[in-house]
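Trainee: Using only what follows, build the 3D model:
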Amino acid sequence: MDLPSTPCLICYGEDATNAKAFKLYIDGTAAIEIIRNISDGFALMFASYYCFNIYNPKSASTTLEFVQRYLLGINPNRGSKKNPGLKKQEILNSKILNLVNKISEHELIDH
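Mentor: Purely as a prediction, here's the structure:
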């Protein structure tokens with residue numbers, strides 16, 4: 001199995017809702033092998049970026065920042081898990097702001 005070096009949650013089963021098991025892999029190695037459900041798995045995966053000081057991968061950076069800021073309510077005054085080698089850090093990613101505004105128009109979240 002070809003896995004990324006960044007944290008990833010692997011579902012063993014037909015789909016995430018009927019999975020027999022979840023495992024958290026970091027740097028291609030099983031870091032946590034017994035995870036009971038997808039919620040716990042996602043929380044462990046998300047926390048591992050911070051616990052092990054791993055930058056968000058470019059391909060998932062916007063998604064992870066949206067989860068951090070709007071689903072988990074973690075809004076630091078400064079700093080980011082975005083790779084510092086990428087273009088200059090915006091105060092708030094414009095794609096995320098646009099999505100939140102559209103969601104707010106439909107009253108799906110209250111921000």
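Trainee: so where do the strands sit in the chain?
Mentor: For the chain, strands defined by DSSP state E occupy the ranges 8-12, 21-26, 29-35.
Trainee: Taking strand 8-12 as reference, get the angle to the last one.
Mentor: Orientation note: strand 29-35 sits at an angle of 50 degrees relative to strand 8-12 (axes from the mean of the first three to the mean of the last three Cα atoms, to 10 degrees).
Trainee: Can you list the buried residues in strand 29-35?
Mentor: By neighbour count on 16 or more other Cβ atoms under 10 Å, the buried set for strand 29-35 is 32, 35. All C-beta atoms are positioned from the backbone trio N, CA, C, and that covers glycine.
Trainee: For that strand, which helices and strands make contact with it?
Mentor: On a contact count with 3 or more Cβ pairs under 8 Å, 6 or more residues apart in numbering; DSSP states H and E, strand 29-35 meets strand 21-26, helix 38-51.
Trainee: Can you lay out the ones you listed as JSON lines showing distance to Tyr12 and mean pLDDT?
Mentor: Output for the helices and strands packed on strand 29-35, formatted as JSON lines (distance: least, Cβ to Cβ, whole Å; pLDDT from 0 to 100):
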{"stretch": "strand 21-26", "distance to Tyr12": "4", "mean pLDDT": "95"}
{"stretch": "helix 38-51", "distance to Tyr12": "11", "mean pLDDT": "92"}
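Trainee: Looking at these, which one is packed in the most?
Mentor: With neighbours taken as mean count of other Cβ atoms under 10 Å, those reach their highest mean count in strand 21-26, at a mean of 19.
Trainee: Partner strands of that strand and their direction?
Mentor: Sheet pairing here is set by DSSP bridges, and for strand 21-26 it gives strand 8-12 (antiparallel), strand 29-35 (antiparallel).
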